[in-house]
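> With the input below, show me the fold.
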Amino acid sequence: MNRQPKHLLQFGSFRMDLDERVLMRDEEPIALSPKAFETLLVLVQHSERVVLKDDLMKILWPDTFVEESNLSQHIFQLRKALGDKAHDPEFIVTVPGRGYRFALKAVEVSEPDGDLVVHSRSVQTVTIEETESTPPVPITRQTWERTAAVGRLQETVRGGEATRAVRWRAALAVGLSAILLAASYAIWHRMHPPPLAPRARIMMAVLPFQNLTGDPEQEYLTDGVTEEMITQLGRLQPERLGVIARTSVMGYKRGEARMDQIGRELGVQYVLEGSVRRDGSHVRITAQLIQVKDQSHLWAREYNRTANDMFALQDDVAAGVAQEIQSRLALEPRNHAGRNHRVTPQAYDAYLMGRYSLNGRTAAGLHSAETYFHTAIAADPNYALAYTGLAESYVLMAADGSSPQAVSLQARTAANKALALDPTLGEPHAILALIAQNHDWNWEESEREFKLAMALDPNDATPHHWYSGNLVVRGRFEESFREIAIARQLDPLSLTVRDAEAEWLYLARRYDEAIGKLDQILEIEPNFAYAHFDRGLSYEQKGKWREALADFETARQLDDTAFNAAVLGEAYALSGDKARARQILRELQIRAQRESFSTLYPAIIHAGLGEKDVAFSELEGAFQERTTYLLALKTAAFYDPLRSDPRFSDLLHRIGLPE
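Numbering: from 1, shown residues only. Sure, this is the predicted structure:
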């Protein structure tokens, strides 16, 4: 009896078995997830043409909103399976800002009785004379499914009447069996009803409120309203309603993205959008709630108040949204003591300006934020959120190397004052956790404070992000990855969170995975210095010196910090170019005369040069300074040249890190 021919697509040394849904190379199967196989099939069927990301998402997830990062993960998996590289692709080419193009043309082949037959036609499903100006091929899921079924339809035609008769009898037998099975199951199901499924957590995004004042200097007000809405809605019932973090939604400030795109990228079912108009002492806020799946407007309202009633105005907007979705989510709003305190308009205005400056995360912005928060506190000494903002300004300054001991003390004082005024706030606990970790090296206290922060404000991505870093430097990798995954769900478009996840993979010695995630980040933002730096670290450990040095050089050009220079010098030393390493060391010594930085940085270069005594002497200085980067001592691979020395174990012990 002749077996039916297999239907295969072949490109290069690879074949795709459309019947078994398996990718093979030289007759060896390659592991792919079902969704990755579907992704490859769509690209191959439309090879040599650009397939838009939106089209791919609609085909692969027609009825579900998922993040674009899901598609990126499948592209990464395919590149790994094909031995492809994002920066020098042979198969899958990224077209920045648009989509992907499969570079090779596939042919359809069949394999009856072991003999390979190559058909003269390609598998192209759309015939278009493509030129430079030709738009990407529009694809629908129906087109894709119809094309994927071509092989099966051809098999039926070739089989003849006899084959069809055999199949008809087999189908009848299977159909009768299925009817009996279905009837039996229906009876059993009535006797054994399934347990009720837990209610899914609903996700919402508050898009940046539009500034209708006509004054760019009022951006701080609209950004402040956006941030306050995120905070208030996030407090309603966090286990039932998740609210996307500020950093992810601010990417939509220009209002150019479609609602379905926002739903996919953020993984949300509802969106709140609105506008703010301020005319002297009069403020008007409009808001509307939108259901993403059908873009229907569920609720819309306009509020008019004086600037003195801003808190009440924001409370009204949040209450209106909560009331509308309460029947859908069965929310149980919770009271927060701190919200009963009404601040003066001057204090609130200064607070919003401080938050606006703080969110820029620049050195100048941190110092401006400090000034604004002090102004807010002077106007209202009982304003808990102003003390919280001040504490965050200080703790970020300390992490940036600005007199860490003195600034950490100021941060601790401000955070404790905020909690004394409003014990329901989660953010001050996260700040106290970071101080206990970075300055005190009190790991038990930092973990306790992180858990308090997450319990009080489960929708805040920052404590999960920071806590994941706490866990990873202690070698608790699986717990760390769970926390960073939560941070990513709450802040899906944050490149900082994505980069942290890649950095944790490097610290866990999972270098290929780290490189894959960093490739994805650099596709989105090629000038992201941290991503170049972290990818260089992973390339270094794989012995790919050309790629590592290129990334380190790029990171230094984009962000010329002493730390970036130090790791570049260490890489040159380990790659064999000790002269270049010593040149960078001399440059750091000259730089130290005009700029204060940790002795940890030259220690890294001396370690690469094999000069252990000097390196340990400088590490001791970093220990006395309580340098934050010293916390990676247990896991960071660039400390490996020192790891076998007994002095290394002693240093780990004094920091409180287990070997």
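> And for the helix or strand hosting residue 80, what's in contact with it?
Under the criterion of DSSP states H and E, residue 80 resides in helix 68-82. Helix 68-82 is contacted from outside by 14, 23, 30-33, 35-36, 39-40, 53, 56-57, 60-61, 84-86, 89-92, 94, 100, 264-265, 488, 492, 498, 512, 516-517, 519-520, 523, using Cβ atoms under 8 Å, 6 or more residues apart in numbering. Every residue, glycine included, has its C-beta placed from N, CA and C.
> Past it, which element shows up next along the chain?
strand 92-95.
> And the contacts of that next one?
Outside strand 92-95, the residues that touch it by Cβ under 8 Å, 6+ apart are 43, 50, 75, 78-79, 82, 84, 86, 100-103, 523.
> tell me the two of those residues that are most distant?
50 and 82 (18.6 Å; Cβ to Cβ).
> ranges for the strands of the stretch 151-300 of the chain?
202-206, 210-211, 241-243, 270-279, 282-291, 296-306 (DSSP state E, counting those that start in this stretch).
> What residues of stretch 516-528 count as buried?
Residues of stretch 516-528 classed as buried: 516, 517, 518, 519, 520, 521, 522, 523, 524, 528 (neighbour count, 16 or more other Cβ atoms under 10 Å).
> er, stretch 7-14 actually
7, 8, 9, 10, 11, 14.
> I'd like these laid out as JSON lines, including distance to residue 414, pLDDT and secondary structure.
Converted to JSON lines, these look like this (distance: Cβ to Cβ, whole Å; pLDDT from 0 to 100; DSSP: H, G, I helix; E, B strand; the rest coil):
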{"residue": "7", "distance to residue 414": "68", "pLDDT": "71", "secondary structure": "strand"}
{"residue": "8", "distance to residue 414": "66", "pLDDT": "82", "secondary structure": "strand"}
{"residue": "9", "distance to residue 414": "63", "pLDDT": "85", "secondary structure": "strand"}
{"residue": "10", "distance to residue 414": "65", "pLDDT": "87", "secondary structure": "strand"}
{"residue": "11", "distance to residue 414": "61", "pLDDT": "85", "secondary structure": "strand"}
{"residue": "14", "distance to residue 414": "59", "pLDDT": "87", "secondary structure": "strand"}
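> a markdown table for those, including distance to residue 366?
Listed next are the buried residues of stretch 7-14 as a markdown table, based on distance: Cβ to Cβ, whole Å:
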| residue | distance to residue 366 |
| --- | --- |
| 7 | 62 |
| 8 | 59 |
| 9 | 55 |
| 10 | 58 |
| 11 | 52 |
| 14 | 52 |
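> can you count the residues close to residue 356?
20 (other Cβ atoms under 10 Å).
> Tell me who's in contact with it.
By Cβ under 8 Å, 6+ apart, the neighbours of residue 356 are 219, 220, 223, 224.
> That one: what secondary structure?
helix (DSSP: H, G, I helix; E, B strand; the rest coil).
> quick one: it from residue 491, how far?
Per Cβ to Cβ, to the nearest Å, residue 356 is found 19 Å from residue 491.
> what do you get for residue 277?
Residue 277 sits 29 Å away from residue 491, going by Cβ to Cβ.
> for residue 55, same thing?
Where residue 491 is concerned, residue 55 sits at a distance of 27 Å (Cβ to Cβ).
> of these two, who's got more company?
Neighbours per residue (other Cβ under 10 Å) separate residue 55 from residue 491, with residue 491 holding more: 24 against 21.
> who touches the more buried one in this structure?
Counted by Cβ under 8 Å, 6+ apart, residue 491 has contacts 244, 245, 247, 248, 461, 465, 497.
> please redo it, this time with the cut-off set to 6 Å
245, 247, 248, 461, 497 (Cβ atoms under 6 Å, 6 or more residues apart in numbering).
> Give the helix, strand or coil label for residue 606.
Assigned with three-state DSSP, residue 606 falls in the helix class.
> about what we covered before: so which of the contacts of strand 92-95 comes closest to residue 257?
residue 523 (17.9 Å).
> pretty sure that closest one is in a strand, no?
No - counting by three-state DSSP, residue 523 falls outside a strand, being helix.
> how close does the residue lying closest to residue 568 once chain neighbours are set aside get to residue 524?
The shortest distance from residue 568 to any residue other than its chain neighbours is 4.2 Å, reached at residue 552 (Cβ to Cβ, 6 or more residues apart in numbering). Counting by Cβ to Cβ, the gap from residue 552 to residue 524 is 21 Å.
> what's the answer for residue 628, then?
Going from residue 628 to residue 524 by Cβ to Cβ gives 27 Å.
> was I right about residue 343 contacting residue 382?
No - if you go by Cβ atoms under 6 Å, residue 343 and residue 382 don't touch, sitting 8.1 Å apart.
> Those two: which is more packed in?
Between residue 343 and residue 382, counted using other Cβ under 10 Å, residue 343 has the larger neighbour count: 20 against 15.
> From residue 246, how far off is residue 438?
Using Cβ to Cβ, residue 438 is found at 23 Å from residue 246.
> ditto for residue 352
13 Å.
> higher neighbour count, these two?
residue 352 (24 against 21).
> helix, strand or coil for that one?
Strictly by three-state DSSP, residue 352 counts as helix.
> That one touches residue 218, doesn't it?
No - proximity of residue 352 to residue 218 does not meet the contact threshold set by Cβ under 6 Å, at 10.0 Å.
> which SS state does residue 51 fall under?
Secondary structure state of residue 51, per three-state DSSP, is strand.
> Could you pull up the residues touching the closest residue in space to it that isn't next to it in sequence?
Counting by Cβ to Cβ, 6+ apart, residue 51 lies nearest to residue 99, which is 5.0 Å off, once chain neighbours are set aside. For residue 99, the contact set (Cβ under 6 Å, 6+ apart) comprises 50, 51, 52, 53.
> Could you tell me how many residues sit around residue 444?
9.
> again with residue 294
Neighbour count for residue 294, taken as other Cβ under 10 Å: 8.
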